[in-house]
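1. my questions are about this predicted structure, shown below with the sequence.
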Amino acid sequence: MKIALFSDTYYPQVNGVANTLHRLVSYWERQGIDCKVIVPKSGTTEDLYASQTHSLPSMRFLLYKECRVALPYNRGVTQELLAFQPDLIHVATPFSTGLFGMNHGKKYGVPMVASYHTNFDHYLSYYHLQWATNWLWKYLHWFHSNFDQTYVPSHDTLDHLTKKGFDKLSIWGRGVDTALYHPGRCSDEFKKKYNIPGTHLLLTYVGRLAPEKDIETFINIIRTFPKEWQDQVSWMIVGEGPSEEVMKETLHSYSNVRFTGYLRGEELSQAYRASDLFIFPSPTETFGNVVLESMACGTPVIGADSGGVRTIIQDGTNGYLVTPGRSQAFIDRILFLLKHPKILKRFGKMSREYALSQSWNTIFAKLTKEYMEIAERKKRIHSAS
């Protein structure tokens, strides 16, 4: 089988979509499946890790300066795709690069699937763009109506899109590398590197530091945490983004707050393992890969009761779910677990057990099998006509 993948974000960018797609392409390589990956050019050669990756000319995106917007047409890529003759096109993002992929598939009759990764409508209010909500939904509905199947990461997202009138939806879940993310002792070098004081380390966020992640809530958690506990805890914030400088300025007087920037691989795993708890207040996640990574390390999560996160955390069993935006409720749950280490330990064990049941290989194998069925079905329909 030959697959063409189109996305506006890809490795080495650090986000859930880029990481998931990179893992998917790596799976295809191991299975001997030919693929072409079409992504915006980042301005460096660092994004050309895979020989099958083709970068399109691009420009910076206004709202996401780390992201690139590709030009919607490229004759060279079109010729390359015609020579490659993919059996199926997978479009992972609904804008520039995704439009290029969709138009190619429609023009040349290639079976197409899409994946829905981001609740863009939830983002708009954080950028004062609520006025664009109706336009956005009309566009997304039109865009996804062109595909044979749209894959969503969770039941919550499926319900959300169904209510908006989308059809041909299917769940493509997410997995975790339980060999990389595992329980165990964190190295002394890691704690020394970040000069972590206090008895308890609270991992307060992992990901892109941006308004739509509700950074206001986790700033409030830190600022209103009981003074008698502040000397006993350290707060670690892992990530980068447009809100980073504001956060650093707001929290500069707190000597127990550590900003690490983006961490990858073993160092990120150590951040999870070094922490007593992972606090994740973001209410806009379609899944929440970082939640599953933390749980794989045996570190329980207190997360926002919203989006895909609520399908991972089993409230009161392997972590806690809290109403989005309620910083005091987060604090209450944090203090309860710090005061009850046996319950915290049990949550950690249950978190790891859940993560072990989420295998990437099983998930990718199911997805690829569905690809084949869609391609064969379209081929039969085309032959009959």
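-> Nice, I can see it. Just so it is clear, the model here is predicted, and its values are computed rather than measured.

2. list the contacts of the helix or strand containing Lys248.
-> Here Lys248 sits within helix 244-250, counting by DSSP states H and E. When contacts are defined by CB atoms under 8 Å, 6 or more residues apart in numbering, helix 244-250 is touched by residues 209, 215, 219, 223, 237, 259. In short, each C-beta sits where N, CA and C put it, glycine included.

3. give me that answer again for 6 Å
-> Contact with helix 244-250 is made by 209, 219, as judged by CB atoms under 6 Å, 6 or more residues apart in numbering.

4. show me how far it is from its chain's centre.
-> 23 Å (CA atoms, centre = their mean, to the nearest Å).

5. gap between the helix or strand that it is followed by and the chain center?
-> Once helix 244-250 ends, the next helix or strand along the chain (criterion: DSSP H and E) is strand 257-261. Chain-centre distance of strand 257-261: 20 Å, with CA atoms, centre = their mean.

6. please save the CA atoms from whichever helix or strand comes after strand 257-261 in PDB.
-> Following strand 257-261 in sequence order, the next helix or strand is helix 265-274 (DSSP H and E). These are the backbone C-alpha positions of helix 265-274, laid out as PDB (Å, rounded to 0.1, in the frame of the first residue of the first chain):
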ATOM      1  CA  GLY A 265      12.500  11.700  24.900                       C
ATOM      2  CA  GLU A 266      14.300  10.400  28.100                       C
ATOM      3  CA  GLU A 267      14.600  13.900  29.600                       C
ATOM      4  CA  LEU A 268      10.800  14.400  29.300                       C
ATOM      5  CA  SER A 269      10.300  10.900  30.800                       C
ATOM      6  CA  GLN A 270      12.500  11.900  33.700                       C
ATOM      7  CA  ALA A 271      10.400  15.000  34.300                       C
ATOM      8  CA  TYR A 272       7.300  12.900  34.700                       C
ATOM      9  CA  ARG A 273       9.100  10.300  36.900                       C
ATOM     10  CA  ALA A 274      10.600  13.000  39.100                       C
END
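
7. show the pLDDT at the nearest residue to Ser282 once chain neighbours are set aside.
-> Of all residues not flanking Ser282 in the chain, Lys213 sits nearest, at 4.3 Å (CB to CB, 6 or more residues apart in numbering). Lys213 is assigned 92 on the pLDDT scale.

8. same thing with Tyr64?
-> 54.

9. just Ser275 next, same as before
-> What the model reports for Ser275 is a pLDDT of 96.

10. His155 too?
-> At His155, the model reports a pLDDT of 90.

11. burial of the residue nearest to Ser282, as a residue count?
-> Number of residues near Lys213 (other CB atoms under 10 Å) recorded here: 24.

12. for Thr250, see how far away Lys107 is.
-> 50 Å (CB to CB, to the nearest Å).

13. who's more crowded, these two?
-> Taking neighbours as other CB under 10 Å, Lys107 and Thr250 compare with Thr250 leading, 16 against 9.

14. and Glu249, how many residues sit next to it?
-> If we define neighbours as other CB under 10 Å, then Glu249 has 9 of them.

15. distance of it from Tyr127?
-> 20 Å.

16. with Phe280 instead?
-> In this structure, Phe280 and Tyr127 are separated by 21 Å, where distance is defined by CB to CB.

17. equivalent analysis for Leu56, please.
-> When CB to CB is applied, the distance between Leu56 and Tyr127 equals 25 Å.

18. elements contacting the longest helix along the chain?
-> What stands out as the longest helix in the chain, according to DSSP state H, is helix 360-384. Using 3 or more CB pairs under 6 Å, 6 or more residues apart in numbering; DSSP states H and E as the contact criterion, the neighbours of helix 360-384 among helices and strands are helix 16-30.
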